[in-house]
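> Prediction below, plus the sequence it came from.
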Amino acid sequence: MLPKNIQCPVCNGQSKFISLFKREFILDQLELYYSERPPAEIILNDYEMLRCENCSLEYAFPLEAGSQSFYQWITNHSGYYPHHRWEWFTVIEQMGKTSSVTINLLEIGSGSGKFLEMATQNLPNLQRSVGLDTTETSVKSCLDKGLEVYPETLENFLLKASKESQENFDFIVAFHCLEHINNPKNLIKCMLRLLKPNGSIFLSTPYSPMSFENAWFDPLNHPPHHLTRWNASAYKELARQFGLEVKLFMPQAQNLINRTLYALNLAENGPAHLVSRWKTALSALQHPLATFRELQYQSRRQKVNHQIAGDVVLVELTRY
């Protein structure tokens, strides 16, 4: 049973129950996703999902991230870390528009350093780029490439930073980190202490619900992997809490037919065994009722910036 005083981690608003994910259900869904049964001990909790009635953020209760053994198991699978992200190119494009003579960049969760490398190669006025990551193998990979990366959390990096080095970064970025942590407001608070007064924060997360989630349950966009599920309303409230301006960027969404076919493909085959678009179309014709229902759902997909919402969102936060 939920405690009576549970509040939204963004706006402290009251929330309503959405669904319950039992520990065994999570294990089953991860097995379907990876075609491999996870060790039972890596999932420690049942989770309830709540939706804030004020800002629409969806979040897990308890707000407890996956254990170290959970992340060790999941990150060992091929394809977990992408070679490229759409938003990397957009951020570099936006950074390139600055009028600053020099740029200082901080990345939270730098992984193997691919974005820092890309920034170094494409921004001639980049004076300093710093990365933080808590995974030792990732940090070693970055150091081997000559990148300035520290095995630190943002909070520890901030504690060690001298007063002169605070408010020293023009841009602070965190790609697909916000949804993993239990205190998103503390992350923004720490970022702002390191950001120059006219600087920008860039965050990216899945845009929830993703277009295919009506037809197929994505265990990677639910706890314990993702503790929060973000949309435009939740991001606008997060910005309001700190007195920041917010701007949303999205890749162009697939058209109605392609979104429908992809969702049906996932529902029937799972991500590890997707079939061709033509086979999916044939199956859709053989199941007209399910296809019609998915088409209806896709036709009601939310719009952001006057366009159908994509499955990922990039958010820029700046001071007024």
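All right, it came through fine.

> Any chance of the backbone angles for Leu244?
Per-residue torsions, Leu244: phi -110, psi 150 (degrees, to the nearest 10).

> Kindly provide the distance from it to Gly109.
20 Å (Cβ to Cβ, to the nearest Å). Heads up, the C-betas are built off the backbone N, CA and C, glycines and all.

> What of Ala263?
According to Cβ to Cβ, Ala263 stands 29 Å off from Gly109.

> the more surrounded of the two?
Neighbours around Ala263 and Gly109, counted as other Cβ atoms under 10 Å, are more numerous at Ala263. The numbers are 23 against 20.

> how close does the more buried one sit to Asn269?
Between Ala263 and Asn269 the computed distance is 11 Å (Cβ to Cβ).

> Name the residues of the helix or strand hosting Glu93 that are buried.
Secondary structure assignment for Glu93, by DSSP states H and E: helix 86-95. Neighbour-count burial for helix 86-95, counted by 16 or more other Cβ atoms under 10 Å, picks out 87-88, 90-92, 94-95.

> Closest one to Leu238 out of the residues you listed, please.
Glu87 (17.4 Å; Cβ to Cβ).

> Quick check: the farthest pair among the buried residues of helix 86-95?
Of all pairs drawn from the buried residues of helix 86-95, the greatest distance, 12.0 Å, lies between Glu87 and Met95 (Cβ to Cβ).

> all helices in the stretch 101-250 of the chain, in order from the N-terminus.
114-122, 136-144, 154-160, 184-194, 232-241 (DSSP state H, counting those that start in this stretch).

> Dump these into JSON lines; add distance to Asp311 as well.
Below are those laid out as JSON lines (distance: least, Cβ to Cβ, whole Å):
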{"stretch": "helix 114-122", "distance to Asp311": "20"}
{"stretch": "helix 136-144", "distance to Asp311": "25"}
{"stretch": "helix 154-160", "distance to Asp311": "26"}
{"stretch": "helix 184-194", "distance to Asp311": "20"}
{"stretch": "helix 232-241", "distance to Asp311": "14"}
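
> Mind putting the ones you listed into a markdown table with mean neighbour count and mean pLDDT?
Formatted as a markdown table, the helices of the stretch 101-250 of the chain follow (neighbours: other Cβ atoms under 10 Å; pLDDT from 0 to 100):
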| stretch | mean neighbour count | mean pLDDT |
| --- | --- | --- |
| helix 114-122 | 18 | 95 |
| helix 136-144 | 16 | 88 |
| helix 154-160 | 15 | 89 |
| helix 184-194 | 19 | 96 |
| helix 232-241 | 19 | 98 |
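
> Now do the strands in the protein.
Here the chain has its strands, by DSSP state E, at 15-21, 47-52, 58-61, 103-108, 126-132, 148-150, 169-175, 195-206, 228-229, 244-249, 303-304, 307-308, 312-319.

> Throw these into a markdown table and include mean pLDDT, distance to Leu256 and mean neighbour count, thanks.
Output for these, formatted as a markdown table (pLDDT from 0 to 100; distance: least, Cβ to Cβ, whole Å; neighbours: other Cβ atoms under 10 Å):
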| stretch | mean pLDDT | distance to Leu256 | mean neighbour count |
| --- | --- | --- | --- |
| strand 15-21 | 96 | 26 | 14 |
| strand 47-52 | 97 | 26 | 20 |
| strand 58-61 | 98 | 25 | 23 |
| strand 103-108 | 96 | 36 | 24 |
| strand 126-132 | 95 | 40 | 19 |
| strand 148-150 | 95 | 43 | 18 |
| strand 169-175 | 97 | 28 | 24 |
| strand 195-206 | 96 | 20 | 21 |
| strand 228-229 | 98 | 23 | 24 |
| strand 244-249 | 97 | 22 | 17 |
| strand 303-304 | 96 | 13 | 14 |
| strand 307-308 | 96 | 8 | 14 |
| strand 312-319 | 96 | 19 | 20 |
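
> For Gln7, find the nearest of those.
Counting by Cβ to Cβ, Gln7 lies closest to strand 15-21 out of those; the figure is 7.3 Å.

> I would like the residues contacting that closest one, please.
The contact list for strand 15-21 (Cβ atoms under 8 Å, 6 or more residues apart in numbering) reads 2, 6-8, 46-53, 58-59, 222-223.

> How about Val173, nearest residue that isn't a chain neighbour?
Phe202 (4.4 Å; Cβ to Cβ, 6 or more residues apart in numbering).
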